[in-house]
Structures are given as C-alpha cells and as structure tokens.
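Engineer: okay, sequence plus prediction incoming.
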Amino acid sequence: MGALSRQSQPWWIRDGHWKVIPALGCLALTQVAIHQEWNTLAGFLLASLGIIPMALLLSDATEQIAEKSGPTIGAIITATFGNCAEFIIALSALHAGLIDVVKASITGAILSDLLLITGLAMLVGGLRFSEQSFQPTMVRTNGAAMTLAVTALALPASLISTSGMEDTKAIHGLSLTVAVILIVIYLLTLIFSLATHSHLFDPPELHSLDDEAAAGHDTPVALWILQLIISTGLLAAQSEAFIHCLEPATELIGLSPLFTGVIIIPIIGGFSEYVPAVRGALRNQMDLPISLAMGSSLLVALLIAPALVIIASLSGQSMNLDFEPFEILALLFSVLIVNLVGIDAKSNWLEGVLLLGTFFIFGAAFYYYPT
C-alpha cells in the first residue's frame, strides 16, 4: 500500500523536488529581514537556518547524480559539491574582507569532516549495529594522504612562527607557492583514486532503507542536474545574506572570528554532508561516511584552502597560509585521533562518542581562545 500510494503522488513530491519551496521561502524571508533591518540576532538565525534546506537540496541532487553517473564521475561530483556550502560561504566572507573568518573556516571544515561527521556516523550506526567494519586499505590510504595534507598545510605557519618571518611579500609568496603545490598534489590524488588505483576507493552500492530513499531512481538525471544548479544558486544567495548578518551578530553575542570560523560556519555549511553520512551508517555501510569524511577533508586541505589563497591574491586580498599555532595543533591531533580510531577498520558507538567529544572539547578551547 505504501509503495502504491507513493507512486500515485506527483513526481515533484515523490522525488523530493518540493524541497525547493521551503528553500525559496527561507531565502525570501531572510532578504526581508535584512532589508527591513529586523533584530540582528533574528536576521542571523534566519540566514543560518535558511542554509539547511538548500544544503539538503544539494545533497539529494548530488547523491542521485552520483548513483546514476557511475562510481568515477559520481565520486568527482560528490567531492566537488559536498563542500559547496562551506566554499561559497568562505568566498562570501573573502569578498567581505573577513580574512580571519575565512582562514578559521578552513580549519573548522577539516575538523568537522574528521571528527564531527565521522563521529556522528559511528555513533548513529553503532546504536543500530553492535560493530561495523570498513575497508582497511581505504582507511590507511586516506589516512596517510590526510596526514601529509595537514602537514603540508601546517608547514608555512610553522616556518613563519619559528623563523620570525615578518616580510608580508615573502609570506605571500610562500603561501602562493605552497598553494600551487597542494593543488597539484590533489590532482594527483584524483588520478590515483579514480584511475590507477580506483579499486581501493570504489564506493559501496547504496541500498535504500525505504521507498522514499529509492524514489529518485525513476527521475531523469537532467532534473537532478537542474536541482543541483538551482540549489547551488540559492546557496550562494543565502551565503551572502549569512555573511552580511554574521559579523554584527557574532560581535553582539561576543564570539570571536576564530570561533565563528572554526565552529559555527562548518556546522551550518556542512549540513549537506551529515545526511549521506548518517544514511550510510544506518545501512551498515561505513565505507561511505568514512570515505566521505576523509575525502572531504582532503578536498579542503589540498584544493579549497589553496584555491582561496589564489583567489584572494587575484582579488587583491591579503590572505595567506599563516594559521594560528593552536589551529595547527588541533588539525594534527584530529588526524592522529581519527587514524588511531580507524586502525582496526572497525567502529562502534563509543568511538563515535570519543570523536564527537574531541570536537566539542576543541570547540570549547576555541571559544575561550584569547583574541
């Protein structure tokens, strides 16, 4: 009866395209709040919460296109659009001149991917299954790549802090050089994971838990591509509004740019990654959230961070890779903890709690970090 009633529904309801309506409503309400100069906190909450339905639209479209286009193209699409919200928010902050927020959001995106997404998936999956397993080769390969990526990202800041370098031109030149090298490394990791050693990274087949999850299989891929384009456009507009409200709201609350970038932006912007991670864990397919978390963190460290440095340079902004020393320590410890948890290629709910606890401890530390 459930399947028959679902088939009788209009296609735009059955396949979830109706979610564009609340997304448009959120965007419209946010614009009204900004132009009518509503209460600062009310405008900020509207701008923040409005990102969620757009991220869900983006997540649905990305997942369906990835399933329909095969593992290779699907992996590229998932990697590209999984961090789309954070990247768009970072670009908006860069355009607004909030360099400290942009740099902190890079750190926060990596911490969120490694600790929050992985921990949430392990906790949710562990509550349903006593123990879950994933491919050990994939974990070792991604873990090694992530360790190298964070180390490479940390080297400029370490060199600047230990050598006492103060020449802004030299710091800028070093950051640009490292940025180009990181992008080349990322392209080589794509060749490794999608071509020469694709068998180590093949995503698992997704088996839906219910009819709603399988509803999109009858929809032409062109409609999902259209939804992808629309949701990206809506997300860009909402991100501009979010950044417009961000600085006055966080100043009013008393939050530092560091805490805002490390904690608030990744939690809101990374919402589209929580859904597929939790779905994979509930289907007892932990390869999906693990590869998603590590793949996304690699994307941020090797592509998004250096791309933001290059874009800032082209637009005349003074952004570099000189992160706060505590940010570097947090990144290195996070990679170490995730590698230790995944060393046996098995997970349970307690390990999820440990990762989530680590994320919130870092959050508390960044909240009290002196500015």
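Structural biologist: Noted; the coordinates are in hand.
Engineer: from now on I want contacts and neighbour counts done on CA atoms only, so please keep to that.
Structural biologist: OK.
Engineer: low-confidence ranges, the stretch 101-250 of the chain, go.
Structural biologist: Residue ranges of the stretch 101-250 of the chain with pLDDT under 70: 198-219.
Engineer: which parts of it are helices?
Structural biologist: Assigned helices in the stretch 101-250 of the chain, in chain order: 118-128, 136-163, 168-191, 211-214, 221-253 (criterion: DSSP state H, counting those that start in this stretch).
Engineer: out of the ones you listed, which is the most enclosed?
Structural biologist: helix 118-128 (a mean of 24; mean count of other C-alpha atoms under 10 Å).
Engineer: next, the contact list for Ile290, please.
Structural biologist: Applying C-alpha atoms under 8 Å, 6 or more residues apart in numbering to Ile290 gives the contacts Thr118, Phe134, Val139, Ala277.
Engineer: for the last one, give its distance to Thr232.
Structural biologist: Look at Ala277 and Thr232: by C-alpha to C-alpha, to the nearest Å, they are 20 Å apart.
Engineer: same check, this time on the second one
Structural biologist: According to C-alpha to C-alpha, Phe134 stands 31 Å off from Thr232.
Engineer: and the third one, by the same measure?
Structural biologist: As for Val139, its distance to Thr232 is 30 Å (criterion: C-alpha to C-alpha).
Engineer: can you redo the contacts of Ile290 as CSV with distance to Ser334?
Structural biologist: As requested, those are exported to CSV (distance: C-alpha to C-alpha, whole Å):
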residue, distance to Ser334
Thr118, 11
Phe134, 20
Val139, 15
Ala277, 19
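Engineer: which of the residues you listed lies closest to Asp60?
Structural biologist: For the contacts of Ile290, the residue nearest Asp60 by C-alpha to C-alpha is Ala277; the value is 12.5 Å.
Engineer: OK, contacts around Ala236?
Structural biologist: Ala85, Ile88, Ile89.
Engineer: chain neighbours aside, what residue packs nearest to the second one?
Structural biologist: Counting by C-alpha to C-alpha, 6 or more residues apart in numbering, Ala236 is the residue found nearest to Ile88 once chain neighbours are left out, at 5.9 Å.
Engineer: mind listing the strands for this structure?
Structural biologist: Using DSSP state E, the strands of the chain run over residues 132-133, 346-347.
Engineer: would you confirm that Thr232 contacts Leu58?
Structural biologist: Yes - counting by C-alpha atoms under 8 Å, Leu58 is a contact partner of Thr232 at 6.9 Å.
Engineer: what sits against the closest residue to Met286 other than its chain neighbours?
Structural biologist: Nearest non-adjacent residue to Met286, counting by C-alpha to C-alpha, 6+ apart: Phe134, 5.6 Å away. Contact partners of Phe134, counting by C-alpha under 8 Å, 6+ apart, are Gln285, Met286, Asp287, Ile290, Ala345, Lys346.
Engineer: go on, Leu24?
Structural biologist: Counting by C-alpha under 8 Å, 6+ apart, Leu24 touches Leu234.
Engineer: tell me the confidence at the residue nearest to Ile106 when sequence neighbours are not counted?
Structural biologist: Leaving aside its sequence neighbours, Ile106 sits nearest to Ala305 (C-alpha to C-alpha, 6+ apart; 6.3 Å). Ala305 carries a pLDDT value of 91.
Engineer: any idea how far Ala305 is from Asp60?
Structural biologist: Distance, Ala305 to Asp60, using C-alpha to C-alpha: 26 Å.
Engineer: Trp224 is in contact with Gln64, correct?
Structural biologist: Yes - if you go by C-alpha under 8 Å, Gln64 and Trp224 touch, sitting 7.0 Å apart.
Engineer: now for the contacts of Ile290, which pair is the farthest apart?
Structural biologist: Val139 and Ala277 (15.6 Å).
Engineer: residues near the closest residue to Lys346 other than its chain neighbours, how many?
Structural biologist: Computed as C-alpha to C-alpha, 6+ apart, the closest residue to Lys346 that is not its neighbour in sequence is Ser133, at 4.2 Å. Using other C-alpha atoms under 10 Å, Ser133 has 15 other residues around it.
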